[in-house]
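# Build me a model from this:
(2 chains)
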Amino acid sequence: MKRSLLTLTAILLTATWALATENRWLHVKVEEGGEKAEIVRINLPLSLAEKVLPAIHTKELHEGRVKVSEAKFNDVDLRAILDALRTAPENEFITVESAHENVRVAKSAGNLLVKVRDGKEKAENVEVTIPFTVVDALLSGGKDELDVLAAVRALGAIGDTVLVTVNDKNSKVRIWVDSRNTID
Amino acid sequence: MPAGAGTVAGGVGVLVLGAALAGGALVYDMGSIWISVRAKQTGGESIRLVVPAAAGPVALWLAPKKHVREAAKEARPWLPAIKAAAEELRNCPDGPLVEVTNPHEKVHITKQGGALVIDVDDPNETVHVSVPLKMVGVIAAQLEAMPEPERGKAASEPEGSVL
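Model (predicted):
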């Protein structure tokens, strides 16, 4: 019995270690149709972003944190809104429907969901899914900064997730995270 | 031949052989830079160049100090990031990093066996460049280690090697 427990513990520890050190990849795929037909595929190891971000020191980006002036938020208290969203119950809580656009913001399974459907000429559908752990990490820095490095680390800890999809008449954009280093 | 001259000659021989072996090991360890440009038009020129990557840092060492310092000054804010990226990419599995395909050209940037490989295929030419990531890191570190030029001094300094 003791030996079985030890073996089980060893297997669990090994599996946890393997998951923690597994390479996670951020993928971007852009397909443009029409006259400017083009396909762009980007595969970026999250570990690369984790190593590179702290090494960039510019006016706006320092130690993986982006300075965002309050003016950029147009006096909207982003933290307060996100905090309210996080503590809100799981359901649809913002829906804006108009003749041209439908916007739905919801909280589902620990994710912030934003869906925008533009019914005008472009017929654009945008879907954004951001785990709240990533949102929390992004806002874990100072008052006027976004901690991109912490967000990247949080992204590395989540499972396979499609973060953004944009579809319109001429183009498709998909951004997602998984463990594969290729797209197809 | 005086007594002991053979021993000295033997010692020098061992030193030369050791230096040659160390140099060979360094060249082998750093890999090679491959550059190939092939024109598609008939009569167009094609270039093929294979240079030991170890020559990169040496070329930087021999290059005119003024120009290298200027380049280093421009690149300095990005050098730590370039160094970190090169180091981390070496640890990543081989695979495609960026692919751009349109009716006019194809651009592929791939990590392949310790090197960053760039392939461009357009109507005029095909370009293939392979740069060992280790060399990228070494050159970035070399530029980073250079002292920052003092204001007004760089312009008056004579041309010459970096060190």
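
# Strands of chain B, start to end?
B:32-39, B:46-52, B:95-101, B:106-112, B:115-121, B:125-132 (DSSP state E).

# Quick one: name the residues of chain A near chain B.
A:23, A:36-45, A:47-48, A:51-52, A:54-58, A:181-183 (CB under 8 Å from any CB of the partner chain). To be clear about C-beta, it is placed using only N, CA and C from the backbone, and glycine gets the same treatment.

# could you flag which of these are buried?
A:38-45, A:47-48, A:51-52, A:54-56, A:181, A:183 (16 or more other CB atoms under 10 Å in any protein chain shown).

# shouldn't B:V100 be in contact with A:I39?
Yes. Using CB atoms under 8 Å, B:V100 makes contact with A:I39 at a distance of 7.5 Å.

# Narrow the buried ones among the residues of chain A next to chain B to those in strands?
Going by DSSP E, the strands hold A:38-45 from those.

# Least confident secondary structure element in chain A?
Lowest on mean pLDDT, DSSP states H and E among the helices and strands of chain A sits helix A:2-21, with a mean of 49.

# Work out the gap between the helix or strand that that helix is followed by and the centre of the chain.
Per DSSP states H and E, helix A:2-21 leads on to strand A:25-32 as the next helix or strand towards the C-terminus. The chain centre lies 13 Å from the centre of strand A:25-32; the measure is CA atoms, centre = their mean, to the nearest Å.

# Need the contact partners of strand A:25-32.
The contact list for strand A:25-32 (CB atoms under 8 Å, 6 or more residues apart in numbering or on different chains) reads A:38-46, A:49, A:155, A:170-181, A:183.

# Let me know the pLDDT of residue 40.
Chain wasn't specified; assuming chain A. Note on A:V40: pLDDT of 95.

# that's the other chain; I wanted chain B
The model's pLDDT for B:K40 equals 87.

# what's near enough to touch it?
B:123-126.

# before we move on, what about B:G56?
B:30, B:33, B:135, B:138-139.

# how about a cut-off of 7 Å?
Neighbouring residues of B:G56 by CB atoms under 7 Å, 6 or more residues apart in numbering or on different chains: B:33, B:135, B:139.

# could you redo those residues as a markdown table and give each row pLDDT?
Putting those into a markdown table (pLDDT from 0 to 100) gives the following:
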| residue | pLDDT |
| --- | --- |
| B:I33 | 88 |
| B:M135 | 87 |
| B:I139 | 86 |
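
# Now neighbour count and distance to A:D147 too, for these, in a markdown table please.
Listed next are these as a markdown table, based on neighbours: other CB atoms under 10 Å in any protein chain shown; distance: CB to CB, whole Å:
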| residue | neighbour count | distance to A:D147 |
| --- | --- | --- |
| B:I33 | 19 | 38 |
| B:M135 | 24 | 33 |
| B:I139 | 21 | 31 |
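
# ok, these vs B:P77, which is closest?
B:I139 (16.0 Å; CB to CB).

# is it true that that closest one touches B:P57?
Yes. B:I139 lies in contact with B:P57 (CB atoms under 7 Å); the separation is 6.0 Å.

# pLDDT below threshold where in chain A?
Scanning chain A for pLDDT under 70 picks out the ranges A:1-22, A:69-76, A:120-122, A:184.

# Give me the pLDDT value at the residue most central in space within chain B.
Among the residues of chain B, the one closest to the centroid is B:G56, at 3.6 Å (CA atoms, centre = their mean). Here, the pLDDT recorded for B:G56 equals 74.

# Over to B:V138?
pLDDT at B:V138 comes out at 86.

# Would you agree it is in contact with B:P57?
Yes. B:V138 is within contact range of B:P57, at 5.3 Å (criterion: CB under 7 Å).

# rewinding a little: how about the strands of chain B, which one is nearest A:T133?
strand B:95-101 (26.6 Å).

# If you count neighbours, what's buried in that closest one?
B:96-97, B:99-101.

# what mean pLDDT does that strand have?
On average, strand B:95-101 scores 95.
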